[in-house]
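[1] take a look and give me a structure for this.
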Amino acid sequence: MLPKFRVGLLATAVVMICLLPTNIRSVDAGQTQDDSVGLINRKEKEGRAKPRTKTIQARLLSLQWWLMIRGRDCHPQEFDSKAAFAVDDMVRIGISVNQSGFLYVVLENKPGADGILIYPDPRINRGSNLVRMNTPVILPSNCPSPESRDSDCPMDVRMAEDCWWSITRNYSGAITLIFSRDKMDEFESLIEKAGAKRTGSPDLPRLRSDLLEMIKRQTVQPQDLKTSQTRPQPGATGTIVSNFTTRVTNTNRRDNEEIVESITLKLRNR
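    As a prediction, the model looks like this:
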């Protein structure tokens, strides 16, 4: 059976994350539109490590994400985030950041319901959520291999790499990405309390919707976030030199500690 990760049934989902394979990536992710290097004032915040220096030379924090849909040949195809998915479509999200830092991902199945902190995951990379600069990450990926091979997939597709979320009729929430220069105690305490185990415990941390909203308000102001989108463009030789990506930048040099981005997958009218 093909492993399916049901976004609408998060309690039973097993979510895996790994580095994006070299043949599946967003061209020039996090590189072509970076702001020039300048002075950034490190802001001391509760629940973060105290900055070693008050001022650093760095680019503004920037995060890029893109969507992929499973094609008929089981290979991923990049997908326009403005387009609508159909029920039973199978999707992935790619993420790339322009500086090393720490990534947290929360799945909210319904507005007002508890969210699930699916990244970091103790079963992946020993629970580390350190993301390296310009090193893409895929959600989900590296699933356990199924007992039998999907007959629709060509032999060059490894079943452990054929890992997706399956859109259900019940999905009506959002996927929130939070990227921080330093670890965030608000999430780290949830991870410790959940006691999720590397052996495969499904007890991933949960957090109340009001707590998540409070974390969003305390990390970065919406007016400081600049969002731009890239669509496929042909190069001089006719080849595609960019893909569907959304880029979010924290433009505040006096408080440039985090980025918050919420993704809502659009569904076709039922």
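
[2] hey, let's count contacts and neighbours off CA atoms from now on
    Will do.

[3] output the contacting helices and strands for the helix or strand residue 66 falls within.
    For residue 66, the host element (DSSP states H and E) is strand 62-70. With contacts taken as 3 or more C-alpha pairs under 8 Å, 6 or more residues apart in numbering; DSSP states H and E, strand 62-70 sits against strand 76-79, strand 90-97, strand 245-250.

[4] tell me which of these sits nearest to residue 43.
    Among the helices and strands packed on strand 62-70, strand 245-250 comes nearest to residue 43, with 13.5 Å by C-alpha to C-alpha.

[5] what is the three-state secondary structure of residue 191?
    When classified by DSSP: H, G, I helix; E, B strand; the rest coil, residue 191 comes out as helix.

[6] from residue 168, how far out is residue 70?
    15 Å (C-alpha to C-alpha, to the nearest Å).

[7] what of residue 111?
    Taking C-alpha to C-alpha, one finds residue 111 at 16 Å from residue 168.

[8] kindly report the same for residue 205.
    Residue 205 is 22 Å from residue 168, by C-alpha to C-alpha.

[9] quick one: which of these two has more around it?
    residue 205 (24 against 18; other C-alpha atoms under 10 Å).

[10] so who does the more buried one touch?
    Neighbouring residues of residue 205 by C-alpha atoms under 8 Å, 6 or more residues apart in numbering: 116, 117, 118, 190, 191, 193, 194, 196.

[11] quick one, strands of the stretch 101-250 of the chain?
    101-108, 115-119, 130-131, 137-139, 164-166, 174-180, 206-207, 225-230, 233-234, 240-242, 245-250 (DSSP state E, counting those that start in this stretch).

[12] do you know how far residue 265 is from residue 73?
    23 Å.

[13] these two - which one has more neighbours?
    residue 265 (19 against 10).

[14] list phi and psi for the more buried one.
    Per-residue torsions, residue 265: phi -80, psi 130 (degrees, to the nearest 10).

[15] quick one, what contacts the closest residue to residue 130 other than its chain neighbours?
    Excluding the flanking residues, the one nearest residue 130 by C-alpha to C-alpha, 6 or more residues apart in numbering is residue 102, at 4.7 Å. Residue 102 sits next to 129, 130, 131, 179, 180, 181, 182, 183 when contact means C-alpha under 8 Å, 6+ apart.

[16] ok, so what distance separates the third one from residue 68?
    The span separating residue 131 from residue 68 equals 20 Å under the rule C-alpha to C-alpha.

[17] was I right about residue 262 contacting residue 175?
    Yes. Residue 262 is in contact with residue 175 according to C-alpha atoms under 8 Å; the separation is 5.6 Å.

[18] what about the two, which has more around it?
    With other C-alpha under 10 Å as the criterion, residue 262 and residue 175 differ in neighbour count, and residue 175 comes out ahead with 18 against 15.

[19] report the contact partners of the more buried one.
    Under the criterion of C-alpha under 8 Å, 6+ apart, the neighbours of residue 175 are 105, 106, 107, 108, 262, 263, 264.

[20] any quick PyMOL command for the buried ones out of these?
    To isolate the buried ones among these in PyMOL, judged by 16 or more other C-alpha atoms under 10 Å, type:
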select buried, resi 105+106+107+108
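
[21] does residue 135 touch residue 97 like I think?
    Yes. Using C-alpha under 8 Å, residue 135 is in contact with residue 97, at 7.3 Å.

[22] more neighbours, the two?
    Remark: of residue 135 and residue 97, residue 97 carries more neighbours, 27 against 17, as counted by other C-alpha under 10 Å.

[23] spatially nearest residue to that one, not counting backbone neighbours?
    residue 63 (4.4 Å).

[24] who does the one you found bridge with?
    residue 97, residue 248 (DSSP bridges).

[25] distance-wise, check it relative to residue 248.
    Using C-alpha to C-alpha, residue 63 is found at 5 Å from residue 248.

[26] identify the contacts common to those two.
    residue 259.

[27] so which of the two has more stuff around it?
    residue 63 (27 against 22).

[28] give the burial count for residue 257, as a bare number.
    24.

[29] quick one: closest of the strands of the stretch 101-250 of the chain to residue 50.
    When those are compared by C-alpha to C-alpha, strand 174-180 sits nearest residue 50, at 13.2 Å.
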